[in-house]
Each structure stands twice: as C-alpha cells, then as structure tokens.
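Student: just a sequence and a predicted model for now, questions to come.
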Amino acid sequence: MESHEEKPIIYTMENKPIVTCAGDPALFAALYSALAQQLPREPMEWRRSYGRAPKMIHLEANFVQFKEDLLPKEGNKALLTFPFLHIFWTDCCDTEVYKASVKEDMLRWQTTLKHHGSQDWLIVVVESDAKKKNKTNLLPRTSIMDKIRNDFCNKQSDRCVSLADPLKESSRSQESWSSFLTKLRTLLLMSFTKNLGRFEDDMRTMREKRTEPGWSFCDYFMVQEELAFVFEMLQQYEDALVQYDELDALFTQYVLNFGAGDAANWLGSFCQPVRSWNGLVLRRPIDMEKRELIQRSEASLLDLRSYLFSRQCTLLIFLQRPWEVTQRALELLHNCVQELRLLEVSVLQGALDCWVFLSCLEVLHRIEGCCDRAQLEANCSHTVGLWTYATEKLKCLGDLCGLVSKNGPNSEDLNRTVDLLAGLGAERPETANSLQSPYKKLKEALSSVETFEKHYLELSHAAMEMYTAIGRMRSARLVGKSLAEFYMRKGDPQSADGFLQDSLKSYVAEGWSLQVTHTRRQVAECQKLLGQTEDYLQTCALLASDANLTDEERKHFCQEILNHANQSSQTESQGESVDQKVALSMAAFAQLRELRFQPASPTVHVGAALQLELRLCSLMPVAVRLEQLAVSVHFSLEQPGQRGSSLSTPQRRIPAQCAAPGGVSPEGAVLFPAISPAGGGPLGAGMGGAGAGAPAALELYEIQDRSPSDNTLNTTGVVCKNVHLLLRRQDSATSLDTPSAGGSGGSVTSGGAAAVAMEDSSQMLKTRDVTLLPGNNSIPFTAPSQKPGTYTLRQLSAMVGQVQFVLPHIYPTVQYEVYSQEPQLTIEPLTDNLLAGLPQKVKFTIVTGHYTVKKGDALQLSNTDSMPILHTNSCTARIVSSTGELVGESALSIHSSEKVTSISLPPTLPYHTLDFQLDVLCHIPASPARLETERLTNGEVRHRPKSRTRYNSGMASVDQKVSIDCPWSIYSTLISLTFYIPFKAKHSLLSAGKRKYIQVCLQNVSDTNFRLMDPSLTQRQQNSSLELDSLNPKEQQLVHSKQSVFCLWEVKWASEPPACLQFSFVASFAPTEPADAEFKPYCYDFQLERVSTLYCLRAEIQPADGEPQCRTGTLCGLDVSITRLTEPTDSERDDEESTESEGLRTTKLMYEVVDNSSNWAVCGKSTGVVSMPVVASATHRVLMEVMPLFAGHLPFPSIKLLKYLPHNVTPVIPPDTDSCLENDNLSLLDKGLEDQSDTASLRSRGSIHSLGSSDQPLPPASRGLPMPRLEPFSPGQVFNCSQGRQVLVLPATDDHILEVNAT
Amino acid sequence: MTCLCFLCVSRDYDELSSIMAVCIAVIAKENYPLYIRSVPTQNELKFHYTVHTSLDVVEEKISSVGKALADQRELYLGLLYPTEDYKVYGYVTNSKVKFVIVVDSSNTSLRDNEIRSMFRKLHNSFTDVMCNPFYIPGDPIQSKAFDSMVSAMMVQAC
Amino acid sequence: MSRQSNRTSDSKKMNSELFTLTYGALVTQLCKDYENDEEVNKQLDKMGYNIGVRLIEDFLARSSVGRCHDFRETADVIAKVAFKMYLGVTPSVTNWSPAGDEFSLILESNPLVDFVELPDNHNNLVYSSLLCGVLRGSLEMVQMAVDVRFAQDTLRGDNVTEIRMKFIKRIEENLPAGDE
C-alpha cells in the first residue's frame, strides 16, 4: 500500500472520508469550496447495524479527482483510503454533446466502478441558465436527465440528481442545492453503513479464524485498528475506543491462555526478550514507530501494550476522561509486569522498574498537560497511585544500583546502571527540550547518590502530601515508613525517627500488633543509633515482652536491658557517672496482678505483723534478678477521735475501702486489671491487642457540696477517679522522664518516680534480691505498722542494676489501716438470762489493746454477799490473738477474801483477747419487797389492777453491781448483772366451814425446767397450838417452764390462833439439767390474818307459795340466815365495835345481795343492816324477794357480809384499811357499775344506788368526820355455805320461748 | 462491551486454578483486626500492612457512598486498590465491620462475582460467630467454624 | 407460649435465632454468675425442671394425647409430639435397654446450639441440660420419675446429640411436686 508511504499524513486527525469526482473538473472546481463547507452544516442521523444506537453525525468529505488507482484493489483492507462515494459531474444540456462525449466518459467511469464493484456513485447534472442562453436548439432539460437515467441508473433513478445553477441566489437554486446536500449525505451514510458493515463482517470472520495456525494477531490488530481510525475520523471516539478495548481484551485473554498452557504460535514475537524500556509515549496522537513494529509483527509485548495504551489514552482525552487514563494506566502497568512474568519474558533486572517509572511520569505529565491545577488537586486520588508506584519503582532502582547504601554504588552497580540506561535509548524528540521529562529525571536519578536522593525524596513527599490531602493517612504513613527505612539505610536515624514514631503511634492506636512489633523494632534500632538510652531500653522492654517475636529476639532485647544495667553499674562501681539510672515504665516489664493481705483484713493494730503478698507477672522471656523490689507507701496520720471504739471500726472501714473499685476482697486480695502491652503504647497502658481502640473507661463520680446549715446545693461536679490512667496514655513517659534526682540520694524510689514519691520515702516495703521468673511470681512483704494511721501504696519499683522499672500508680488504690486500741473488760452472761438462786456462768473478756498484761496483774472484784463468786477449781483462761487463733490457755488462780475476789491474769501480749468463765450465784432475796400479800376469799384470788412495771418477761429481776479494778486503769469499772428469779409464789387460804387450808402456788416463770423437792410450810413466830399437816407428795416433782405446782396444808389449832399468822414456805429446787445439780432453797414468806371463821352464811330460795318449782318471772323468797359460829375472842373486842343493849352485846353487820350475772332481779331492799348478838350460834334471818329472769339451774345471787361501823365511834384504823377501802368498796362499787351496764333490772340498779348512798359518807370519813363506815371481814372470817349452789327455775307456763341460761 | 462475550473462551481454565484469596481479614468498626489470616507461605507482615492501608480506601468509599446514597444496600466495595502483586477487595457490613480479601494479581480467574460470593460467605460465617453466645463482640475471632470456612477460601499451601 | 382459649396444636411462629440467642444469653449469664460448670448445669437443669412442671399442662392441653400405657409409648410421644411441638425437631428413639426402661433420643440437630461453639474453658458445661430438666419435670407431673442426661453432644464434637432417659419409678399420687 504505497499510498501510505507517500502520504502518511492521512494518519493525522484531519483526514475525512474520500469522495472522488469525475466528469467536468472545471464545473466541480467551481462548486468545490461551497460543497466542502456546506456538507457538515447539518447533522445526519446514522442508523447503525448490529443494533448499535443511531448517532447524529456531521459529515465531512475530502473531495479528490477520480483516479482509477484510488479504487481499492482486491484484499486491501485499508479503510481510510477507501473512496466512499464517486460523483460524476456534468452540465451538458444538449443531446448532441451528450451523445458525442459525455456518455462515453460516463460509460468508462461506470465500468471502472463496476469493475471494482463499487455501487456508491452519483451523477450530478448541473444546469445553468448561462449555458442555455447561447444554446438555440434546445431540448427540454429533462430529456437529458431521462437519457442519463435510462442509460445508467436503470433501476436506481435516485442516483442521478440535477442541481439548478447553484451559484445563483435564487430560492429555486437554494432549494435544489440543499436537497442535493441531503442526497449527498444520505448516500455517504449508506455507503458507510454498507462498507463498514462489510468490513466488520470480514473482520469478524478473520477473528473467528484466530485459533487456526497461520493467524496473526498483529494483522488482525491492523484491521481492527483501521476500523477504529474510521470511527475516529467520524469523531465516533467511543466506538474507536471500543475497538482498542476489544483488541486489548483479546490480547490479554491470549496471554492468560498462554500462561494457562495453550501456546498461540503468534505470541512468540511478544515473548522476545525486552530490549528497550523507554516507557509510554503519550504525546503523539499515533506512535508510528511502534505501529510499524506491530505491523511487521516485530513488536515486543511492551511495544504493543504501550501503543495500545497511547491510542486509548488519546481517545480518552478526546472524550474528556483524563482520570480514567490514570486508572487504566495503573492497571496497565501492573498488568504488563504480570504478563511479562506469565510469559517468562526475559527482562534485564530493573528494566521493568525503569519502564514503569517512566510510564508513570509520562502519564502524569500527559494528564497535567490537559488539566489545570484545580482539576489536578481535586483529583489527587486518581493520580496518587501513579506517584507512589513511581516512588516504589525508583526505590527499587536505587537499591538495585546501590544508590541507597551509605557508601555509594560499587562497580557492578555502575555496570548495571549503564545497562539500564542503555535500554532507555535516546530521548525522544518531543521531550528533548523540556527540562522535566521523565527520561531526564530517570537518567539524573540514576546518575548519582545525591540526585537519586533528591528525586526520591521529591517523589515520596509528593505522594505523602497527596495522601494527606485526600485523608489517606495510613497510606501516607506507609510511604513515610519506607522513607524512614531509606533514611536508616543512609544512616540518618535523626530523620527516620519522626516517621517511625508517627506510624508506630497510629498502629498502636488502631491495635495492629504485628505492625506495632515490626515498627517498634525499627524504632529500637533508630533509638539505639540516636543513643536515646532511656527510650531505647523502654522499647526493648516492650519488645522483650512482645509475644509476636520469637524467643531469641525477645531474649536479645531482654539482654540489651540487662547489659545496660550491668555495664552502667560497673561504671558506677568505678565511682563515676552515678546518674546512669534509667527509670522505665513497669508496664512492659511486668504486670502487677494481685496484692494479697495476710491477715485478710487490711486493718491491723499497731505493731501487728501484716504480710503483703505481691503477685507480679513478669513478661520477660528469661528470669531477671532484681536487686530490689520496693513499694513506696504514703502514710497519713489517723485523725484523733476518728476511731471511737476501735473494735467496731475495722468492720466499718473495709467496705469504705471497697468503695474504691477493685477494693480489698474478703480474702484480702486486690486484683488488678490485666493489661497486655503487646499492642500497647509506649507505656503499654491499657492497650489490649483486641481491646485496642477502646481506652480504659472513665470512672466518674458525682460530687455535691451542700451547705451544712440548710441542705441547699452549693456546688456540684464530677470527679474522674482514674485520671492518672487516662492521662498516662497521652503524656507517655512524663512521669518517668523526670531526671534521676535520686541518683545522688541513692534511694530507689527517688529514681524515676521522684516527683511522686518524695513526700516520704521513709515508709517503704522492700525486698532485696528477688528473681522474677517468666510468668507469675509472688513476692512477700512485711508492711510497716509502727504508727497508727492509713498507709496507701503508691508506687512499685523494681531495680535491675541501674535500670529501674516503675509502676507510677498502683491503681485501684490499695491501703491498709493501723490503729491503736484501749484495753477493755466486758462481762457477759453465757445464758441469755441469769437465774438467781442457781450458780450461773459469766464470761469475762479482756481485750488487751495496747496494754501488756504482766505477771501478777489481777482483777479485783468487790464482793457482795448477795452474789458470791463461786470457786471452781477448773477455771482456765483462753488467750486469743487478734487474728483469732488460740495462743494459749492457762489456769486462773482466784483468791477471795470476804471483801474482794482477785483473779490473777496470765501474762498476755497486746492486742490479744483473754477470756475466761466464772460461776456466780445470786441469792434469791428472802421475801422480795415487791411480792404483794394477796388478799383472798375462798379460792378466788383478787389481783390489784396496778401493772407490775418492774416485771420483765414475767420474772422478777435482781440487779447486781460488781465493781472491778483493772490493772491498766486507776478507776474501777462498775458492771451490773441482772439476775432473774425463776419462781413466783402465791398463797391462798381455803376454808371449809371451820376447817382451814393453806395453798401455795409456785409458778416456774423461767425457761428452764426444775425439780422440786420437799416443800415445807413453817410458821414463823412459834405457836405451838397451830399445826400444819402437809397434803403434798413426798417425792420430787418436775416443774417445767411456765408451769405451776400447788402445795396444800391443812391448818389445825387447839386454841384460838392469833389474829395474824406468819408463814414461810420453803422448797428446794434444782434444774433438771444436769441431773446432779445440787438443790437450792427457794423460800417465800407470807402472812395471814384472822383465819378463823366468824360467821356462816346460808341462803335458801323457796318457790312462790303453792308452786313446786320456781318459775321465771315469778317472785321467789330468798331466805338468808347469818349464824355466829364462835364466841367473841378478846382480840375481837378491841377491833370490833360492839354495842351493849339490854345486856346483850351486838355488832352491826351489813348484808348485800348482788347478782352479777343478772339472773335475778332483787325486789325490794337488796342491802340491809342487821345487828348480831356476839354469841356463838346466834342466827339472824333475812327474807327478801327475788325474781329469776331466766329458766334453768340458776346460781344463787351472791351475798356479801360486811362490818357496819356507825358514825359515833372513832375507829382505830387497821393497818390495811386503806387497802380495804380502795380495794373492797371501790371494787364493789365499780363491779356494780359494770353490772348496771349489762343488767336490765331497774331494781338491781336501784339497789346499787342505795348502796351508793350508803357509800356516800365514806370519803368524809377519811377526812375524819364521824360517818358510818363499812369494813370487810378479813379472808376466811365469813364462810358462805351456799356458795355455788343452784336452784332449778322452770320457764313461765305461758312462755312460748324457752330461755335456757347456762351458767 | 457487547462484543466481549466471545472472550469467555477460557473460563474452563478457572476450574484448574484452585487459587483463591491469599489473605482474609475481618476488621472491627474501630479499625482493629478481629481476624486476619494469610497464606502461610507468604510474608504475613506484608499482608497486614496491605490490609491496614486498604482501610484508607474503605473509609473513603464508605464516606462517599454515605454522601451519595445513604440507603445504599450495596455492602460490596469492589476493588479497593490494585498493587503489582495483589488485588485488594473490600466489603463493609452496615455495622461498619469491614471484610478485606486479598487476591493474587496473577489470579485473573476471580471475577467480581466470585469475590462477591466469597464476601457473602464470609459475612454469613461472621454472623454465625456473632451469634455464638460465648463470643464477646469486639474480641478477636477464635472459631473453628470460621477458620475452616476461611481456609476453604484460601489457597492451600503447596 | 400463646394462651389461646382452646389450645390448638398450631403453635405461633417464633424466630429461631431469637430463641437460640435468648437461651445462649441465659447460659452465658449463668456461666458468669457461677464460676464452675457443674453448678451451671445444675441451675439449667433446675430451670428446666420448673419449665417442665408447667409446660406439661400446656402440652397435654394442646396435644390431646391420653395417658401412656408404657414407657415406649411415652418415648414416642416425647419424640414425635413434644419435641416436634416445642423445638420443631423430631428426634429418633433408639438404644432401648433390654429391660425397656432406658432409651436414647437422637437429635440430628439441636436448635438450642445453633451458632454455639464451646470455648475451651467450659469443658464440663452441658450446654443444653435445660432439656433434661424439662423432660424430668414434665414427666414427674405425670407420675414418672426419670433420669435424663446427655450421652452425646454435637458441641463436644460428637456427630449427633443423644439424650439418655432412664425410667426410675412411678410416683404415687399425693406426692406434692412443686418447684425445687
């Protein structure tokens, strides 16, 4: 295809589809320009084959003179040179001329076209009036057209158009002109569609053959590219691009298949070794050299790829898609590298790097060429990839050519460099004169160490800036790291440090342990070079404890620390440079896991032994020997008065302590949160590999300050309890960077943590020569406890030679209390109540506190005879230490004189407890004053309404005061013990006619059961005439708790007994448990008065006359007879007022009939006064009427008999009159009132009134005015025979309701 | 590209290549690794760096997606970035847990669909891990089931 | 459990994940509260028992099964009706002891243990021992004292889950069986 060679110009962008013109050249020439410019005016819709979307396109054409050789020969696939349309121009208008010449030409033209099989032709007949002028013999113009049509376009009449003289401005010409243009366009497009369609079909068929042997990719490439060109020519860049992409994909696929094993023979050319690597060329629209290489199938893979990409690039830029270029570029470069590997193409080492490097920069330049700054900056994200890629590649080249090593490149490096440069060939013309061409850059970079560094730094920084700009910090740091590595290799740790620290921080922050480890190692190296000993050792510690490293590595770093420690300690031993001390954070070295107090309660008394066990988990790979392990303690004196009773306080304070999180557990252990420094920061504070992102949680507490006066809120706020933890992670080593002030002082705490622990380094827990094995170690300490106060553990520091590991804060706070305590004596009963009358055990407890019980110290108990201390030979004291274990026992010696009992105490150490038990006995007071004499009538005992306030649980109590002199104080302690009397006794006098019985009721009010033995009743003042014979069993009796025993005696007398008899009841009792308990006496004294019976009352109830039985509602007779039983005794004379009447001494009695149960209505007087003669068997009868209110067996109404003393006498008041007054009358009165409330009987109420009236005068009597007075008989003086008798009462006959009263 | 269909001549080679992911990582919302495992034969550290760096792009994509269409259901982030040797793909759950799969560049058999399905598998398996009552969210994943699933996705060291 | 008036056997749908997770949460909480696994197993069993003594009523109500004539029938009811109804699985009844007083329920899948992987520090934990309690409790309410234990457990790597049930004795009426 020579035409190419002679005019390669057609491969510029300016080419247009070719249209040939035959016929009259002059005519065409006249029209050419107008045509050329008017054709593209209007777009034309192009309908495409293969369902591709129709496009509007502006057609242009390149009109050329028709030559036969323009027509494509067989098999020529060139499209650009292909004439799409052939036009024959003529303006002849008379048949002669036509027949003569024009027809011939047309025929020839036609045949040539036919011969070349081209259908796309058009005949234009231009008619101009000018011509017509001089023509005389005119044929109608149409006839010419017709002729032509007939001759040539037999079927397609549209192939012939007439153009009415176009150079005229007439509307007619305009019209024909435009219609002509349209025709032209249509025909062009038809031709395109036809020819391109045919072309594509051919192309496809060609492609289908690609598996056949002879097939060549390059040829195919050329063909399809031709298509691409045409599309490009038609400005259909999309379609053009598609062509290239297809080629690209096709090729890629082939390479892959090749890699996968099927060798396409044509690939051979691409597998040839790479000889030139001068990067992409994107400045030319078409890189002819490479294209020809491809055409000659001599292109290497890189050539092909480069060419392909350059074309794609061009088109993309036409399409305004620069960023796609960069992206595709990156893919391309990666892809090429891969493909070369895949095809095992032999490449000079570093050649590819050069190629990639150049290409990256080329692309970047190209892009910069077609975008403005703003755009570029907005799209860093697209370009940065190329920048970094270039940077990496340059780095590789640097390494390869020995440009990074400290001492420049050696000879073979240089040779390599030369070879590489050789592969670049000469710089291309178009960049030759630009200063910053990639080519120049590369050459320069490889030329010398300095220039390399310059360019490398330039690139790296550019990349980093872009990354930072678009917020890809991680990527930026990665570049930074490689930069750091570069610096390190150049022996410039100073510059490296920053980058390393920066990235280390970020990795730590995000908890990527592997990176952390890796970076940290580099940091270590860097720090070592920089001689930052402290930091270096710190890093070493972290690395030594890093699980990601192998044991060897860890050992190595551990060794580094130890080496430093020893070396500097040696220098110190030589007496120089003492300030070698280095303080490091303990976090990386070992972790405090647990603190355990022994004894468990962290509150001890002064001088007590408090053990503190430290559980330390060493993270070092090897055993490390510590010269010293120390805990600095902060001591705060206890405020006076803070500790009231020192015994109770410990229990109170421990919880208070636990309030601090992770406080002392009941077992006395404080647990510390385990933190793994693996992913840890410079201090490894709270950085779990996983828990990384999350910092230690804030412990916030609300504080409210209220004014004491009116609880109003003054201020409120929030306190963070673990500030140090949180702050510590930020200012990594501040607490440690403090200059080793202690170096001079030499004290250990003053090492790193001087600032913190200075306040008192006197208080310290120390142990020397500890060896920490890897893993958990437990180290015991003895805590100081000389002074009372609060001891807070502040810092933990481990010392290895000159290196010292410090845990600046022990958190959660751990503290223990030391208190001092006064000695104390307490006495408490063993049983809940002490019982009087029996030996009881009492426990003496002495808490020695700070006092030491020396030999000979004794307790002096002042005796009271009511409570003797019983000597029990087996009385031993237990001595218990403060921690509660038994220290010793020793027998007590008790000496007692009549005044004091002294108990000599065994020697006892301070803060011990001494306890022993003693038996004491409290005698039951003979007749307790408060035991009241019971007044009683037959059987029933009347209680006074007064409540017995001094009774406690029904038991009478006796308080015993004991004063004790303790050896430790000059004051004697007064202790009172309360004893309870186990029994309560009651007596009563029972009468049967004249016979008398005494009953004593003994009630066991205690909780213990007793055995009771021989109860006896004796008269106190001896009166022989009186004899008591017991009706009680002889044997023992059991009295269970809350039970009572009754004892009975019959009283007999020969001669009249004295008015007042005094008895004392004695029984001996013993607790049922133990069986051998000895019996103790219980005695109860009481007295009885006027025991003998004076009067006998007898009542009878007769039914109404003629009635066999009483009936309800009918009156019955109540016949009361009072009989005097005894002669008056002289005792009677003085106390009983009697009147002489006709020689008969009488006494006035008042009777009273009361019915409590309102069974009876007493009709008429219910009370009356009778005068009785004072002689034996004198009888007085009273008759009255009562009416039964109910049917049934009704008890008799009760009848009382009282002495009636008329006013005219001034009576001698018997000792217990007041009692009798208040007792009987009132009780009688209010009994009446009670009845009144429930009885319906007016009468009975009336009777009360009458009684009341009779009572009226009483109070004045007490005032000494003469008034009649009532006086009761003392118990037993009146015997009521009909007591408790009943009478049958029948219901009234007419009663239809039967009322039965059950009483 | 309508005409690319013909390129599928060599899909059958994929079956031959058992090559799958070379590194698989699960990264917590806070960007620390919950799980990261790579082909034993190759330099683990390198993968860690790669994965970590890829987070840049992940975040970029997440935020851009967030801006563009908030209710975007698409969890697959596609190719994060290619390097000469590896292709790094990303996937983010709505709980902002990230999955990263690194594939060997030479391995072109893996097309988007395969990667997607790998991620889907990964996601399901991860969900199961989360549902294990004994697993404490935020802790590194130590689950046999998950392990085996991952190793199934990874090239066998041979 | 849905308290519809007449307990038809169509039980309400419930999301199985929620169910599984709920149980999981329960177990793990127990593990936190009682350090040792044995104690946890006991607690689970106890809870199960308390569920059982209630659930049996519901079961009898919605599945109108009459009283079983022998242990084999009971086994079938448990497997085919009860498990189906409450866990949606139908274990197979096998390994009858010659005396016919002991058999195994083989669960191919145990809905309680989906997703669950026992960590190494819980070797003695019988994760699903709640089931034992439920069986024990509910059978006790129908006067059957049984001993239920896990013979195999997929969580421990066995390929099926096997619950072994042993009949101990009939409980006479008037024995009050309340919550433990």
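Tutor: Good, I have the coordinates.

Student: now the lengthiest helix in chain C: buried residues?
Tutor: When chain C is scanned for its longest helix (criterion: DSSP state H), the result is helix C:37-62. By neighbour count with 16 or more other Cβ atoms under 10 Å in any protein chain shown, helix C:37-62 contains the buried residues C:37, C:40-56, C:58-60, C:62. C-betas here are computed from N, CA, C, even on glycine.

Student: ok, now stretch A:295-309?
Tutor: A:295, A:297, A:299-309.

Student: in stretch A:1173-1192, what counts as buried?
Tutor: A:1173-1174, A:1180, A:1182, A:1184, A:1186-1192.

Student: residue A:177 and residue A:163 touch, don't they?
Tutor: Yes. Counting by Cβ atoms under 8 Å, residue A:163 is a contact partner of residue A:177 at 6.8 Å.

Student: element containing the closest residue to residue A:1037 other than its chain neighbours, please.
Tutor: Of all residues not flanking residue A:1037 in the chain, residue A:1012 sits nearest, at 4.5 Å (Cβ to Cβ, 6 or more residues apart in numbering or on different chains). Secondary structure assigned from DSSP states H and E places residue A:1012 in strand A:1010-1019.

Student: neighbouring strands of that strand in the sheet, and parallel or not?
Tutor: strand A:1037-1039 (antiparallel), strand A:1060-1071 (antiparallel) (DSSP bridges).

Student: for those, which one sits closest to residue A:320?
Tutor: Among the strands paired with strand A:1010-1019, strand A:1060-1071 comes nearest to residue A:320, with 117.3 Å by Cβ to Cβ.

Student: what's near enough to touch the nearest residue to residue A:1008 once chain neighbours are set aside?
Tutor: Leaving aside its chain neighbours, residue A:1008 sits nearest to residue A:1071 (5.2 Å; criterion: Cβ to Cβ, 6+ apart). Shown in contact with residue A:1071 (Cβ atoms under 8 Å, 6 or more residues apart in numbering or on different chains): A:838, A:1008-1011, A:1077.

Student: equivalent analysis for residue A:1043, please.
Tutor: Contacts of residue A:1043 (Cβ under 8 Å, 6+ apart): A:1003-1004.

Student: against which helices or strands is the host helix or strand of residue A:629 packed?
Tutor: Here residue A:629, judged by DSSP H and E, is contained in strand A:624-637. The helices and strands touching strand A:624-637, judged by 3 or more Cβ pairs under 8 Å, 6 or more residues apart in numbering or on different chains; DSSP states H and E, are strand A:610-618, helix A:754-757, strand A:764-772, strand A:775-783, strand A:789-800.

Student: out of the buried residues of stretch A:1173-1192, which comes closest to residue A:1151?
Tutor: Using Cβ to Cβ, the buried residues of stretch A:1173-1192 come closest to residue A:1151 at residue A:1182, 6.2 Å.

Student: what bridges to that closest one?
Tutor: residue A:1120.

Student: surely it and residue A:1120 touch.
Tutor: Yes. With contact defined as Cβ under 8 Å, residue A:1182 reaches residue A:1120; the gap is 4.6 Å.

Student: that older thread, and among the helices and strands packed on strand A:624-637, the most buried is which?
Tutor: strand A:789-800 (a mean of 22; mean count of other Cβ atoms under 10 Å in any protein chain shown).

Student: let me see the mean pLDDT of that strand.
Tutor: Averaged over strand A:789-800, pLDDT sits at 85.

Student: chain center to it, what's the gap?
Tutor: 29 Å (Cα atoms, centre = their mean, to the nearest Å).

Student: which strands and helices sit next to that strand?
Tutor: Against strand A:789-800 (3+ Cβ pairs under 8 Å, 6+ apart) you get helix A:551-573, strand A:590-598, strand A:624-637, helix A:754-757, strand A:764-772, strand A:803-807, strand A:814-819.

Student: most tightly surrounded among those?
Tutor: Taking mean count of other Cβ under 10 Å, strand A:803-807 is the most buried of the helices and strands packed on strand A:789-800, at a mean of 27.

Student: returning to that earlier point: need the least confident one among the helices and strands packed on strand A:789-800, by mean pLDDT.
Tutor: Confidence, taken as mean pLDDT, is least for helix A:754-757 of those (a mean of 36).

Student: which one of the contacts of residue A:1071 is nearest residue B:111?
Tutor: Looking across those and measuring by Cβ to Cβ, the closest to residue B:111 is residue A:1008, at 98.4 Å.

Student: the closest one and residue A:830, how far apart?
Tutor: 13 Å (Cβ to Cβ, to the nearest Å).

Student: cool, and residue A:919?
Tutor: 10 Å.

Student: what do you get for residue C:132?
Tutor: In terms of Cβ to Cβ, residue C:132 sits 51 Å off from residue A:830.

Student: and the helices in chain B?
Tutor: Under DSSP H, chain B gives helices at B:12-16, B:44-68, B:112-131, B:144-153.
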